[in-house]
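Participant: pasting the sequence and the predicted model now:
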Amino acid sequence: MLCIPSVEAVDANWQSFDGKTALLLAAAEGHCICMQLLLEHGADVNLSDHMQESPLLAGGVILFCLKLLVLNMVEFLTQSHALCSDGLFL
C-alpha cells in the first residue's frame, strides 16, 4: 500500500542535498501543474540551489512556466509592498 502524506505535512520549500526544490525541478522539466500546486502551497520562487539556479531561471525555457512564476512573484511583491504604483521595484 502506498502512503501519500497530506499536503499540510509536506514542506513546499524543502531542499535536497544540492539545494534543489520541488519547484525548481518542476520548472526545469516543464511540469506546470505541479508548479501551480507547489506555488499554491507556499513554494518560494526565489530559492536557488547551490549552483545559484532558481525556478525562474529553470522555468525560462518554457514560456508558460515562466509566466506562472513571474505572476506569482508580482503577487508576492505587491503583497509585500515592494512594487511602486508604476510597477517599478523599490
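Facilitator: It's in. What you see is a predicted model; the values in this text were computed from it and never measured.

Participant: quick one: least confident helix or strand in this protein?
Facilitator: Lowest on mean pLDDT, DSSP states H and E among the helices and strands of the chain sits helix 63-79, with a mean of 72.

Participant: give the buried residues for that helix.
Facilitator: Buried residues in helix 63-79, counted by 16 or more other Cβ atoms under 10 Å: Cys65, Leu66, Leu68, Leu69, Asn72, Met73. (Glycine included, C-beta is placed from N, CA and C.)

Participant: next one: stretch 24-37
Facilitator: Judged by neighbour count using 16+ other Cβ under 10 Å, the buried positions of stretch 24-37 are Leu24, Leu25, Ala26, Ala27, Ala28, His31, Cys32, Cys34, Met35, Leu37.

Participant: check which helix or strand the second one maps to.
Facilitator: Which is Leu25. According to DSSP states H and E, Leu25 maps onto helix 22-29.

Participant: packing partners of the least confident helix or strand of the chain?
Facilitator: Applying 3 or more Cβ pairs under 8 Å, 6 or more residues apart in numbering; DSSP states H and E, one finds that helix 63-79 contacts helix 32-40, helix 55-58.

Participant: how about low-confidence regions in the chain?
Facilitator: The chain contains residues with pLDDT under 70 at 1-9, 59-63, 76-90.

Participant: repeat that with 50
Facilitator: Residue ranges of the chain with pLDDT under 50: 83, 89-90.

Participant: restrict the helix holding Leu25 to CA atoms and write it as CSV.
Facilitator: Extracted in CSV, the C-alpha atoms of helix 22-29 (Å, rounded to 0.1, in the frame of the first residue of the first chain):
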residue,chain,number,x,y,z
ALA,A,22,10.5,20.6,-6.0
LEU,A,23,9.5,23.9,-7.7
LEU,A,24,13.0,24.2,-9.3
LEU,A,25,12.8,20.6,-10.6
ALA,A,26,9.2,21.1,-11.8
ALA,A,27,10.1,24.3,-13.6
ALA,A,28,13.2,22.7,-15.2
GLU,A,29,11.0,19.8,-16.6
